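*Asks:* Quick one: sequence plus predicted model below, questions after.
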Amino acid sequence: MSLEQKIMAEMKDAMKAKDEASLRGLRAIKAEIIKAKTEPGAGGEITSEKEASMLQKMMKQRKDSLEIYQQQSRSDLAKKEEEEISVIERFLPKQLSADELKAALQKIITEAGASSPADMGKVMGVATKQLAGKADGKTISATVKELLAK
């Protein structure tokens with residue numbers, strides 16, 4: 001079952017349940033899927049990697065907005081962002097825990113032969129490809145810096 005089919009099924013259930021929060025998040029995901037499918041060169045299809053990357057991007061946007069709304073004490077808008085984040089999370093691949101991420105990055109650092117913070121570029125290139133969808137870039141970058149600084 002493709003992501004789009006899952007979204008459509010959940011949208012139907014959310015409409016029946018009159019769950020506005022879920023429906024809003026599902027509609028946002030559906031809009032991104034349609035946009036991705038109609039991009040030049042997409043040919044009306046999107047890969048699972050593209051889906052994961054798209055969901056990750058949506059998640060990052062929502063988290064950034066949430067942070068701003070919390071700083072401005074806009075709890076009404078922050079609540080909407082939190083609701084959409086919880087909907088998007090249901091479709092994202094399972095995220096790595098901090099320990100799992102460290103172990104995976106340590107392996108990549110060893111394989112790349114990196115030994116100092118100057119080698120960060122080598123490690124990040126491999127890490128972002130291997131861990132796409134399993135951890136966000138900001139967390140990967142911070143962890144790589146920490147491991148290379150030792």
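*Replies:* Noted; the coordinates are in hand. Residues are numbered from 1 along each chain as shown.

*Asks:* if I look at E82, how far off is R27?
*Replies:* Note on E82: its distance to R27, by CB to CB, to the nearest Å, is 17 Å. To be clear about C-beta, it is placed using only N, CA and C from the backbone, and glycine gets the same treatment.

*Asks:* Repeat that for T139.
*Replies:* 28 Å.

*Asks:* Which of the three states applies to A132?
*Replies:* Following DSSP: H, G, I helix; E, B strand; the rest coil, we place A132 in the coil state.

*Asks:* Could you report the neighbour count for it?
*Replies:* 16 (other CB atoms under 10 Å).

*Asks:* do you know how far it is from K16?
*Replies:* Here A132 is placed at a distance of 35 Å from K16 (CB to CB).

*Asks:* Would you map the helices across the protein?
*Replies:* 3-17, 20-37, 48-71, 75-89, 98-112, 120-130, 137-149 (DSSP state H).

*Asks:* residues making contact with the fourth one?
*Replies:* Going back to what we said before, that points to helix 75-89. Helix 75-89 is contacted from outside by 21-22, 24-26, 28-29, 55, 58-59, 62-63, 65-66, 69-70, using CB atoms under 8 Å, 6 or more residues apart in numbering.

*Asks:* change it to 6 Å
*Replies:* Contacts of helix 75-89 with the rest of the structure, by CB atoms under 6 Å, 6 or more residues apart in numbering, involve 21-22, 25, 55, 58-59, 62, 65-66, 69-70.

*Asks:* JSON lines for those residues, including pLDDT, neighbour count and distance to V126?
*Replies:* Shown next, in JSON lines, are these (pLDDT from 0 to 100; neighbours: other CB atoms under 10 Å; distance: CB to CB, whole Å):
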{"residue": "A21", "pLDDT": "89", "neighbour count": "15", "distance to V126": "38"}
{"residue": "S22", "pLDDT": "91", "neighbour count": "20", "distance to V126": "37"}
{"residue": "G25", "pLDDT": "92", "neighbour count": "28", "distance to V126": "33"}
{"residue": "L55", "pLDDT": "88", "neighbour count": "21", "distance to V126": "22"}
{"residue": "M58", "pLDDT": "91", "neighbour count": "21", "distance to V126": "25"}
{"residue": "M59", "pLDDT": "89", "neighbour count": "18", "distance to V126": "23"}
{"residue": "R62", "pLDDT": "93", "neighbour count": "22", "distance to V126": "28"}
{"residue": "S65", "pLDDT": "95", "neighbour count": "17", "distance to V126": "31"}
{"residue": "L66", "pLDDT": "94", "neighbour count": "19", "distance to V126": "30"}
{"residue": "Y69", "pLDDT": "95", "neighbour count": "18", "distance to V126": "35"}
{"residue": "Q70", "pLDDT": "95", "neighbour count": "14", "distance to V126": "34"}
